[in-house]
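Novice: Just the structure for this:
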Amino acid sequence: MQAHRLAASIWGQKVVSVKRVNVQGLGSITLEVFMDDGSCRIIQFRTQPLDLNPAINQPPSWKLRSRCTKIENSVRSRDNVFVFHMERITGKTWMEADEHWEPAPVQCVTSLGRVLSKCFVFRTEHEIENYVKPNLQKILNMPTRSNIDVRPYFPLVEELVEVCPKLKRFSGFFSHLDLNTMNIFVEETSQLHGVIDWEDARVLPFGFNCSAIHFLAAEFLTVESGNIELVESQNYEEMERGF
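Specialist: Here you go, the predicted structure:
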């Protein structure tokens, strides 16, 4: 009922029905709101506020703003519940499409790579000093992760910290940082239709976007030895080249 009232007040028309979307994120409830004019909008209730700047400030030349959810202002905050409304992206999440449409993963990642390659910016000095370098240094204070001894990697991390200033010479790219099959919307033709959840996006060296292929064409699994290994999909190399 709350979603009905909010939608009616925001869009000024009758609400026909409201239902939960099939794929829900952590810490939020996302609803599809079907309006009297035949349109479908999204209302999301969150336990944390949402940083709207990365989604709003995308240059039009990237062609991401029209593809991604256009997030509007929060309409209300009470009892630590934050409410937002946004346009609905058509198509299905890659996760859902994989079950119903059998999308071609190579076509999906190739289409995604074309879009991400447009996210070019000129400078990355601030992010190198305030994000990349500090996060590398955190690793040196974390001898284990998921019960795995990471100390053998310390020499490599120290080397990366040392060469960080050299990254400032290179151009940067707007990096999503959470590309997964829940956040990517595709058409039945397996072409990219939209990307959501840009809250953590930031300007970083292009390699950060390139690394997304490891989470789309492979997954990290705990093997019998107890170690965590990257397990590649059957067509990993083809997906990597396409991306």
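Novice: Would you enumerate the residues in contact with residue 141?
Specialist: Residue 141 makes no contacts at all, as judged by C-beta atoms under 8 Å, 6 or more residues apart in numbering. Every C-beta, even on glycine, is put in place using the N, C-alpha and C of the backbone.
Novice: For this structure, give the helix that spans the most residues.
Specialist: helix 105-116 (DSSP state H).
Novice: Let me see the mean pLDDT of that one.
Specialist: The pLDDT scores in helix 105-116 average 89.
Novice: What residues of that helix count as buried?
Specialist: For helix 105-116, a neighbour-count test (16 or more other C-beta atoms under 10 Å) marks 105-113, 115-116 as buried.
Novice: What is that helix packed up against?
Specialist: strand 184-186, strand 192-195, helix 213-216, helix 236-242 (3 or more C-beta pairs under 8 Å, 6 or more residues apart in numbering; DSSP states H and E).
Novice: Highest average neighbour count across the ones you listed: which stretch is it?
Specialist: strand 184-186 (a mean of 25; mean count of other C-beta atoms under 10 Å).
Novice: Parallel or antiparallel, list what pairs with it.
Specialist: Here strand 184-186 is paired, per DSSP bridges, with strand 92-93 (antiparallel), strand 192-195 (antiparallel).
Novice: In a markdown table: those strands, plus mean pLDDT and distance to residue 231.
Specialist: Formatted as a markdown table, the strands paired with strand 184-186 follow (pLDDT from 0 to 100; distance: least, C-beta to C-beta, whole Å):
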| stretch | mean pLDDT | distance to residue 231 |
| --- | --- | --- |
| strand 92-93 | 87 | 22 |
| strand 192-195 | 86 | 25 |
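Novice: Out of those, which is closest to residue 131?
Specialist: Of all the strands paired with strand 184-186, strand 192-195 sits nearest to residue 131, with 20.6 Å by C-beta to C-beta.
Novice: next SSE after that closest one?
Specialist: Elements were assigned by DSSP states H and E; along the chain past strand 192-195, the next helix or strand is strand 202-205.
Novice: next one: that next one to chain centre, how far?
Specialist: Relative to its chain's centre, strand 202-205 lies at 14 Å (C-alpha atoms, centre = their mean, to the nearest Å).
Novice: now for that strand, which elements pack on it?
Specialist: helix 125-127, strand 172-175.
Novice: which residues in this structure form helices?
Specialist: Under DSSP H, the chain gives helices at 2-11, 53-56, 94-100, 105-116, 125-127, 133-139, 154-163, 207-210, 213-216, 236-242.
Novice: I'd like the ones you listed as a markdown table, with distance to residue 87 appended.
Specialist: Converted to a markdown table, the helices of the chain look like this (distance: least, C-beta to C-beta, whole Å):
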| stretch | distance to residue 87 |
| --- | --- |
| helix 2-11 | 11 |
| helix 53-56 | 11 |
| helix 94-100 | 19 |
| helix 105-116 | 18 |
| helix 125-127 | 29 |
| helix 133-139 | 33 |
| helix 154-163 | 40 |
| helix 207-210 | 24 |
| helix 213-216 | 25 |
| helix 236-242 | 28 |
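Novice: Mind telling me which of these the model trusts least?
Specialist: Lowest mean pLDDT of these: helix 53-56, a mean of 58.
Novice: Quick check: the residue located most distally from the centre of the chain vs residue 208, distance?
Specialist: Distance from the centre of the chain peaks at residue 14, with 32.2 Å (C-alpha atoms, centre = their mean). For residue 14, the distance to residue 208 equals 45 Å [C-beta to C-beta, to the nearest Å].
Novice: cool, residue 122 as well?
Specialist: Taking C-beta to C-beta, one finds residue 122 at 16 Å from residue 208.
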